[in-house]
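Q: Here you go, sequence then predicted model.
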Amino acid sequence: MAVAQHAQSNRSDVVSEFITEARVEALNAALSDRGIAADRIISILPVSGQTLINASPAQFRVLYRLN
C-alpha cells in the first residue's frame, strides 16, 4: 500500500502575502519591488476601507507563491 505524500502546495511555508493600497499603480509597484512575477500570484483580494472610527482606505491583499 502506497503512503500518501503531501503536495508542495499544501505547505504553509510556500505561500506568503502582503497588503497594498487598492490602486493598480501601487499594486504593480509592490509586485515589482518584491520581484513577484504574474505566474506566482495566487489571488488578489479586495479589502474594503472603513469610514467610521478607525478610518482606513481600501486595500488589496495579495497571496503569492514563494520561490
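A: Yes, it's here.

Q: In which helix or strand does the closest residue to residue 42 other than its chain neighbours reside?
A: Using CB to CB, 6 or more residues apart in numbering and skipping the chain neighbours, the partner closest in space to residue 42 is residue 63 (4.3 Å). For the C-beta atoms, the positions are set from N, CA and C on the backbone; glycine is no exception. If you go by DSSP states H and E, residue 63 is part of strand 59-65.

Q: List the contacts of stretch 25-34.
A: Stretch 25-34 is touched from outside by 18, 20, 21, 41, 44, 60, 62, with contacts defined as CB atoms under 8 Å, 6 or more residues apart in numbering.

Q: Residue 62 - how many residues pack around it?
A: 20 (other CB atoms under 10 Å).

Q: In the protein, where is pLDDT below threshold?
A: Residue ranges of the chain with pLDDT under 70: 1-12.

Q: rewinding a little: and the strand holding residue 63, which residues are buried?
A: For strand 59-65, a neighbour-count test (16 or more other CB atoms under 10 Å) marks 59, 60, 62, 64 as buried.
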